[in-house]
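> Structural data only, the sequence is not supplied:
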């Protein structure tokens, strides 16, 4: 399998996506930054920081999570969804619609 090729493997109703080491590191770095932002919010609350300051930082963390979701979703569509549609598996479209509905709540 080529490094940029993705594979969603199914076993006992459990799906997995193989990612390149570069993509995995990039996503983990984003999550680590988000985790730091959340710890910062907790610290602000513990120190009784001013509400608008906490809310501003919370909005930044929310934007970071949205950015992570967009990147992961784009990768999923470009690789997994395209591959499955080309293979004749149209069920992936329903799965994508369900995922998008969850993200838009």
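Perfect, thanks for sending it. This structure is a prediction, so every number in the text was calculated from the model and none was measured.
> Worst mean pLDDT across the helices and strands of this protein, which element?
strand 7-11 (a mean of 52; mean pLDDT, DSSP states H and E).
> pLDDT of the helix or strand just after that one, averaged?
Using DSSP states H and E, the next helix or strand after strand 7-11 towards the C-terminus is strand 14-18. On average, the pLDDT along strand 14-18 is 84.
> quick one: strands adjacent to strand 14-18?
strand 7-11 (antiparallel) (DSSP bridges).
> tell me the secondary structure for the residue positioned nearest the centre of the chain?
For the chain, the residue nearest the mean C-alpha position is residue 69 (3.6 Å; CA atoms, centre = their mean). State at residue 69, reduced to three classes by DSSP: H, G, I helix; E, B strand; the rest coil: helix.
> For it, list the residues it contacts.
Residue 69 is in contact with residue 103, counting by CB atoms under 8 Å, 6 or more residues apart in numbering. (Each C-beta comes from the backbone N, C-alpha and C, glycine too.)
> how close does it get to residue 87?
25 Å (CB to CB, to the nearest Å).
> which of the residues in stretch 32-39 are buried?
Buried residues in stretch 32-39, counted by 16 or more other CB atoms under 10 Å: 34, 37.
> Alright, calling it a day.
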